[in-house]
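**Student:** Give me coordinates for this.
(chains A and B)
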Amino acid sequence: MSFFKDRNCYMKNYNLSFKEKWSGFNWYLLIAICLVIGISLGVLYSIGGGSWSPWASKQTVRFLISLFCLFVLAFLNLRFFMRYAYWIYGIALISLIAVELFGHIGMGAQRWLNLGIMQIQPSECMKIALVLALARYFHGASLEDVRSIKFMIPPALMMLVPVLLILKQPDLGTAMMLVFASMGIFFVVGVQIWKFLLLFLMAACAAPIIWTNLHGYQRKRVLTFLNPESDPLGAGYHIAQSKITLGSGGFWGKGFMQGTQSRLSFIPEKQTDFIFTVLAEEFGLFGGIILYSLYMVIIAYGFIIALKCTNFFGKILAIGLTINFALYVFINMAMVMGLMPVVGVPLPLMSYGGTAMMTLFIGFGLIECVAINKEMVIGRLGSIDDE
Amino acid sequence: MSVWKYEKARIIFLRTFGIVGLFGIISLILIGRLFYLQIMQRERYLFLAEKNRTAVRLTMPERGKIYDKNGIVLADNKKVFQAVLIKEQTPDFQKTLNNFKKLIPLDEEEESRIIKEFKRKRAFMPVQLKDNLTKEQVVMLHLNAPSLEGIQIEETLIRHYPQKELTAHIVGYVSLLNEKDSEIESNLADLAGYRIGRSGIEQSFEESLRGEPGFRKTEINAMGRTVSLMQEEKSVPGIDLHLTIDSRLQKTALDAMGDEAGAVVVIEVKTGAIRVFLSTPSFDPNLFLAPISQKKWDSLMNNQKKPLQNKVLTGTYSPGSIFKLIVGLAGLENNLINPLGRVYCNGATRLGNQLFHCWKKEGHESLTLQEAIRHSCDVYFYETGQKIGVENIVEMAKKFGFGLTTLTDLIGEKTGLVPSAEWKLATKNEAWRTGDTLNLSIGQGFLLTTPLQLVRAIGAIANHGYLPDLHVVEAPNSDEEKEPLVNEENLNLIRAGMYDVVNHEKGTAYSSRFNFEGKRMAGKTATTQVRRISLKEREEGLKKQKDMVWESRDHALFAAYAPTGKPKYAIIVIVEHGGGGSSAAAPIASKILKEALRLDQEDAKMKKGGN
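**Tutor:** Next up, the predicted model:
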């Protein structure tokens, strides 16, 4: 196979015109996303006491910037991501180590890296970078490869190293998401189910060791989750207040801007991690189900795009990112409903905050890129097609 | 498409549906839970939400007051207004803080304390911004309420020390919690404006003084403002403490010390009750209620007279000639001194090629023990000290409580140092020399004592050899049977010498004598070198003390008891770098003891008049 043939191949097959790209873009996905953002802005407006400032206005600006990023990424060449997947992962890993060495301590955990003009949260970047790296790794793998233990050692390490670094920060929520997302990818590419069961058994045995290594505040959170009444004014406050706010909403809710719980500031961090409680108080079960349905639409489109894609890199990438998104939703909802300890995971597209929104939109940009390039042929090792 | 690709696509397709199925189950659980909370449990949560319109706030317990012996207040509590900020009730806490600062300026130290406290506390807990607000400030805050969202004004209690610098070192002070205090085992740590004892009685009795916080449950309206009080549990006040200190006498001592740095302690010899506990220069403990400004802190820290040091508890000094009393007792008890035997002083004792000088160059000629104490002759004690030996001296010193703590109720006391041959070998890896014994015999060298140890030893000499346990908080006398430390006959010989020091015209403190209606004092002066005098300086003639720089002048000490017939009080006065014990310390002690006797008489008259 000559260099020229590759080159031609590349020119012919992959350099889609702007018009072709435009028509390949999945607009339904974007509309669903924008609807959720619309709900978010409404809730933030309500929390602000019927005012755009301070939250809704800032969030709007962040949304517009993130939307721009989404389009830029969507219209890039998918091969570009394939080629640089490991590089991106490497940079994310290095910045995680940098945070460990000279990170900025915020809210009791070391999570931010100050780059002078902006602060970045490498653990957020890692959520994307890890999926990219794993997608690249499994792109050319055959089923026999995946089923050999030796082949699975590098991806396991790719996951474990950042997870351990993030646990050390300590950020239990993000570490958990990375583990679940990687497990999802391993599952999808065909790792045998008995291996997962074995791993689960081993984790159950390791639990006591992890427990002794948890931070005091994390242990307290787990304990108060198990028995929230033990400390109603202390650490159990979050969960107890959150449930009261949700429960008092009823089916139709108390009405827009009529939520007494959130109005009286009983809900801590109501504009970030606990924003769902505000929605559920003011719009009830009805509003909650609408929002949940929108999330399901987004997740469904993620999987549809993945299944339609003919190259494995795109498939795995889209599945990984969709699982990531779904995890955000599930963990946050379970958390505010008192089904899980409070681990500090925001509700995607709803919670106030710039970094999380940017990460999500980068993820959606990549999914759209997969949608646009669904017929692209990518060789086993990148650009060279060895078929 | 190759086979492996086909297989792989197939498994991805199937497994994706597996994940979709899993998501479906999760969705059922989540929606089910939402349904359960919002529909099935709605009544319960509506009720709780209604109840939730109440706010629970801790209230400050009244800290135990501190009184002196006569019921004069040394530490009490003032009702003041304080402004607190609750972080989660303000959309932008930095902005609110800035708005507050525009109305009521905060200095740098206060602001950094506030920021730190916000980091430490949970978002729904109030943090004190400023207390001791004036009426004008309260009005101003109320008028500007719209720009101060999350700020509330509440009544609270603040410590107050009406006697200011008079009793600063004994009472101590309180200050706001800092990040190092996070381990305190009380929900007081969550209370805005809670202050913890940092020194003196405030620190030693922190747990008795602090009390327990109460709480107020109030109904709040949709704007977050308090509408009515629903439930209140009163706080439990801390325990009041009555000290043995007589603040009138303490005031006499403070005035008598003037600008000098040093320590004064007066005890009642029978009970060990401390009547005066003074370390000078002093400071105003009210300064520490708010974060102290860097400038004030620097001026306190850079003062060479160390106002913040509690010299009574932590000052250690060579006892100098006062220790000769102990050496004398060691000789008498071991039958190594003949009280009538004489020693000839020609101004120095030769040891090898080294000369040990007496403070009087020309010498004292021939002296008995009583005369040696009267004149504070060094040579007498050089000679007898060698005979007695270091072991006997150390044994007697330890019997009189040197090297040990003396107080039963204050923490932070130093123990000083009683050297011995074993000690020197262990710490300096050197053998004990005869020269060390000579130095020890006149209370110099390695020996270090605290003012409390000295006054207690004098108390024991005055009180038939019974060593009192010192205390500052009024307590019932312990009925513990004690043995006298030494023979009363031997004590009489020592006391005769002390009597002469003050009342014999050749005594070193003769000029400080008094005769208050037949009551006199007996004592012992000491002047201790801070700096070694070189041979060259001795040859050139000694410099006058007042010509030297302050920090190289001698320490002046005087220990005494009164009245001589039936001793009631013992005193120690230490004037750091004051020059001579007889000129600097004795007059101060004289004034204080005379006043103590006068006050006793006045109190007795009052009592009679009252009856």
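
**Student:** Quick check: buried residues in stretch B:481-501?
**Tutor:** Within stretch B:481-501, the residues scored as buried using 16 or more other C-beta atoms under 10 Å in any protein chain shown are B:485-486, B:490-491, B:493-501. Any C-beta I mention is one placed from the backbone N, CA and C, and that applies to glycine too.

**Student:** right, I mislabeled it, should have said stretch A:359-377
**Tutor:** Using 16+ other C-beta under 10 Å as the burial criterion, the residues of stretch A:359-377 that qualify are A:359-374, A:376.

**Student:** Looking at these, which are in helices?
**Tutor:** Judged by DSSP state H, helices contain the following of the buried residues of stretch A:359-377: A:359-372.

**Student:** B:Gly401: helix or strand, and which one exactly?
**Tutor:** Here B:Gly401 sits in a region with no helix or strand, counting by DSSP states H and E.

**Student:** just A:Lys19 next, same as before
**Tutor:** In the assignment (DSSP H and E), A:Lys19 maps to helix A:18-24.

**Student:** hmm, back to that, can I get the buried residues of stretch B:481-501 in TSV including distance to chain A?
**Tutor:** Shown next, in TSV, are those (distance: C-beta to the nearest C-beta, whole Å):
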residue	distance to chain A
B:Leu485	53
B:Val486	57
B:Asn490	63
B:Leu491	60
B:Leu493	66
B:Ile494	61
B:Arg495	63
B:Ala496	67
B:Gly497	65
B:Met498	61
B:Tyr499	66
B:Asp500	68
B:Val501	63
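
**Student:** and the two most separated of these?
**Tutor:** Using C-beta to C-beta, the buried residues of stretch B:481-501 span at most 22.5 Å, a distance reached by B:Leu485 and B:Asp500.

**Student:** Which SSE is immediately downstream of the longest helix along chain A?
**Tutor:** Ranked by residue count, the top helix of chain A under DSSP H comes out as helix A:275-308. The helix or strand immediately downstream of helix A:275-308 is helix A:312-336, counting by DSSP H and E.

**Student:** and that next one with helix A:275-308, angle?
**Tutor:** If you take axes from the mean of the first three to the mean of the last three C-alpha atoms, to 10 degrees, helix A:312-336 sits at 160 degrees to helix A:275-308.

**Student:** before we move on, what SS does B:Ser279 have?
**Tutor:** Under the three-state scheme (DSSP: H, G, I helix; E, B strand; the rest coil), B:Ser279 adopts strand.

**Student:** next one: stretch B:383-390 to chain centre, how far?
**Tutor:** Distance, stretch centre to chain centre, for stretch B:383-390: 37 Å (C-alpha atoms, centre = their mean, to the nearest Å).

**Student:** What of stretch A:184-191?
**Tutor:** Here the centre of stretch A:184-191 is set off from its chain's centre by 18 Å, with C-alpha atoms, centre = their mean.

**Student:** circling back to that earlier point, elements contacting the longest helix of chain A?
**Tutor:** Contacts defined by 3 or more C-beta pairs under 8 Å, 6 or more residues apart in numbering or on different chains; DSSP states H and E place helix A:275-308 against helix A:27-47, helix A:237-247, helix A:260-263, helix A:312-336, helix A:354-372, helix B:3-35.

**Student:** Pull out the buried positions in it.
**Tutor:** So, applying 16+ other C-beta under 10 Å, buried residues of helix A:275-308: A:275-285, A:287-289, A:291-292, A:294-307.

**Student:** mind listing what B:Thr564 touches?
**Tutor:** Contacts for B:Thr564 (C-beta atoms under 8 Å, 6 or more residues apart in numbering or on different chains) come out as B:Arg495, B:Tyr499, B:Asn503, B:Lys519, B:Arg520, B:Met521, B:Ala522.

**Student:** what's the closest of those to B:His169?
**Tutor:** Nearest to B:His169 among the contacts of B:Thr564 is B:Met521, at 24.9 Å by C-beta to C-beta.

**Student:** count of neighbours near that closest one?
**Tutor:** When neighbours are counted by other C-beta atoms under 10 Å in any protein chain shown, B:Met521 registers 31.

**Student:** In contact with it, which residues?
**Tutor:** B:Met521 neighbours (C-beta under 8 Å, 6+ apart): B:Val502, B:Arg513, B:Phe514, B:Ala560, B:Tyr561, B:Ala562, B:Pro563, B:Thr564, B:Ala589, B:Ser590, B:Leu593, B:Lys594.

**Student:** Can you lay out the residues you listed as JSON lines showing pLDDT and secondary structure?
**Tutor:** Listed next are these as JSON lines, based on pLDDT from 0 to 100; DSSP: H, G, I helix; E, B strand; the rest coil:
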{"residue": "B:Val502", "pLDDT": "94", "secondary structure": "helix"}
{"residue": "B:Arg513", "pLDDT": "93", "secondary structure": "coil"}
{"residue": "B:Phe514", "pLDDT": "92", "secondary structure": "coil"}
{"residue": "B:Ala560", "pLDDT": "96", "secondary structure": "strand"}
{"residue": "B:Tyr561", "pLDDT": "96", "secondary structure": "strand"}
{"residue": "B:Ala562", "pLDDT": "90", "secondary structure": "strand"}
{"residue": "B:Pro563", "pLDDT": "93", "secondary structure": "coil"}
{"residue": "B:Thr564", "pLDDT": "92", "secondary structure": "coil"}
{"residue": "B:Ala589", "pLDDT": "95", "secondary structure": "helix"}
{"residue": "B:Ser590", "pLDDT": "95", "secondary structure": "helix"}
{"residue": "B:Leu593", "pLDDT": "95", "secondary structure": "helix"}
{"residue": "B:Lys594", "pLDDT": "94", "secondary structure": "helix"}
